[in-house]
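**Student:** requesting a structural model of the entry that follows:
(chains A and B)
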There are 2 protein chains.
Amino acid sequence: MVTAYFTASSLDGFITDEHNELGWLFKQPIDANGPMHYGPFIDGVGALVMGATTYLWIKEHHVDAGDEWGYSQPAWVMTHRDLPVVEGADVRFRRGPVAPVHAEMTAAAGGKALWVVGGGDLAGQFADAGLLDEVWVQYAPVTLRGGAPLLPRALDLELLEIARNEAFLCGRYRVVDQIDR
Amino acid sequence: MVTAYFTASSLDGFITDEHNELGWLFKQPIDANGPMHYGPFIDGVGALVMGATTYLWIKEHHVDAGDEWGYSQPAWVMTHRDLPVVEGADVRFRRGPVAPVHAEMTAAAGGKALWVVGGGDLAGQFADAGLLDEVWVQYAPVTLRGGAPLLPRALDLELLEIARNEAFLCGRYRVVDQIDR
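**Tutor:** Here you go, the predicted structure:
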């Protein structure tokens, strides 16, 4: 069972801009049925996990704007705060190390993949614990100069697959080793 | 005549690690005759420009180690310091804005491309002046967590071409607009 960090990024390695916004990302053309896009990926996911910032971003930008939560899979949110539950979301809140959460997710995922939604430090925590198998990056054709880092760890990876999807340069990687463990 | 910033990068947008080293890069397999590699690129270059840090890196790691300077094209080095001239190098030192340097390079390049070797801020200065046409990035399969930034500006680009060259995910981009000008 693969645990994967699937994310978009700017060319200079930021997953949000300095204002925690994604306008630079959503304006890019992408083929929803194209290679390495979200659609085929999410179909293989059995459980997902995200940090509090990512959760609140989705709540504020999608749910509070009238959209649905959007995930049918069970979701874990890593947080030290008390967060509001989004209506219709199958979500549970956890704090502390990620290994027990990974075990819970594995038990719930029915043999499908585990998705680390973000942010970058949460993906790094899974890598620290030796529990991150793959990284999928969709590079949008922008540089941002600052923002939330893609994956703030020093890792060796192996390139498994590349694709172009309209504006996006996409790579799928296997995590080989952590250099700064 | 195209002015291009051609560089390798980590997946998280650093062109050197925090110790100004490139061991993480040179250990990666690449096909010297493969797509979007340095060979076909450098054949089309008529003049090149680099910052003082890049110049001194080449001097210390290549020239002082017994290798040749390696560039037959005329080279410009942007520096506020007095720097030693490398034996055999066709190099001139300049300070101040990049626009007059770009004009000098254009006059010398015989219709061929101008290469901004690096670092990232120098490429940014060319972009600031509206003089950067293309960005070529070769992503090595590592994350570094810190180091010298790829291109510390907010730019909109257009993806022109992708390729895989062994371990590297490669993209060629046209600079469309500067968001933070």
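
**Student:** OK, contacts around the closest residue to chain B within chain A?
**Tutor:** For chain A and chain B, the shortest gap (Cβ to the nearest Cβ) falls at residue A:13, measuring 3.0 Å. (C-beta placed from N, C-alpha, C; glycine too.) Taking Cβ atoms under 8 Å, 6 or more residues apart in numbering or on different chains, we find residue A:13 in contact with A:149, A:150, A:151, B:10, B:11, B:12, B:13, B:14, B:150.

**Student:** one more time with 10 Å
**Tutor:** Taking Cβ atoms under 10 Å, 6 or more residues apart in numbering or on different chains, we find residue A:13 in contact with A:120, A:137, A:139, A:143-144, A:147-152, B:9-14, B:139, B:143-145, B:149-150.

**Student:** now it: closest residue in space, sequence neighbours ignored.
**Tutor:** Nearest residue to residue A:13, sequence neighbours excluded (Cβ to Cβ, 6 or more residues apart in numbering or on different chains): residue B:13, at 3.0 Å.

**Student:** secondary structure class for residue A:121?
**Tutor:** Three-state assignment for residue A:121 (DSSP: H, G, I helix; E, B strand; the rest coil): helix.

**Student:** spatially nearest residue to it, not counting backbone neighbours?
**Tutor:** With sequence-adjacent residues excluded and distances taken as Cβ to Cβ, 6+ apart, residue A:121 is closest to residue A:152, at 5.8 Å.

**Student:** confirm the one you found sits in a strand?
**Tutor:** No: looking at residue A:152 with three-state DSSP, it is coil, so not inside a strand.

**Student:** hang on, it packs against residue B:143?
**Tutor:** Yes: Residue A:152 is within contact range of residue B:143, at 7.9 Å (criterion: Cβ atoms under 10 Å).

**Student:** list the contacts of residue A:108.
**Tutor:** So residue A:108 contacts A:46, A:47, A:73, A:74, A:75, A:76, A:90, A:92, A:114 (Cβ under 10 Å, 6+ apart).

**Student:** how near is it to residue A:7?
**Tutor:** 22 Å (Cβ to Cβ, to the nearest Å).

**Student:** got it, and residue A:66?
**Tutor:** From residue A:66 to residue A:7 the distance is 25 Å (Cβ to Cβ).

**Student:** what's downstream of the lengthiest helix in chain A, the next helix or strand?
**Tutor:** Ranked by residue count, the top helix of chain A under DSSP state H comes out as helix A:98-108. With elements assigned by DSSP states H and E, the helix or strand that comes after helix A:98-108 is strand A:113-118.

**Student:** center of chain A, which residue is that?
**Tutor:** Taking Cα atoms, centre = their mean, the centroid of chain A lies closest to residue A:117, which sits 2.2 Å from it.

**Student:** might you list the low-confidence residue ranges for chain A?
**Tutor:** For chain A, applying pLDDT under 70 flags the ranges A:181.

**Student:** care to break it down by domain?
**Tutor:** As assigned by automatic domain parsing, chain A contains the domains A:7-14+A:31-45+A:138-173, A:47-93+A:102-110.

**Student:** most packed of these?
**Tutor:** Of all those, domain A:7-14+A:31-45+A:138-173 has the most neighbours on average by mean count of other Cβ atoms under 10 Å in any protein chain shown, namely a mean of 20.

**Student:** now do that one: distance from first to last residue.
**Tutor:** For domain A:7-14+A:31-45+A:138-173, the separation between the terminal residues is 12 Å (Cα to Cα, to the nearest Å).

**Student:** thank you, goodbye.
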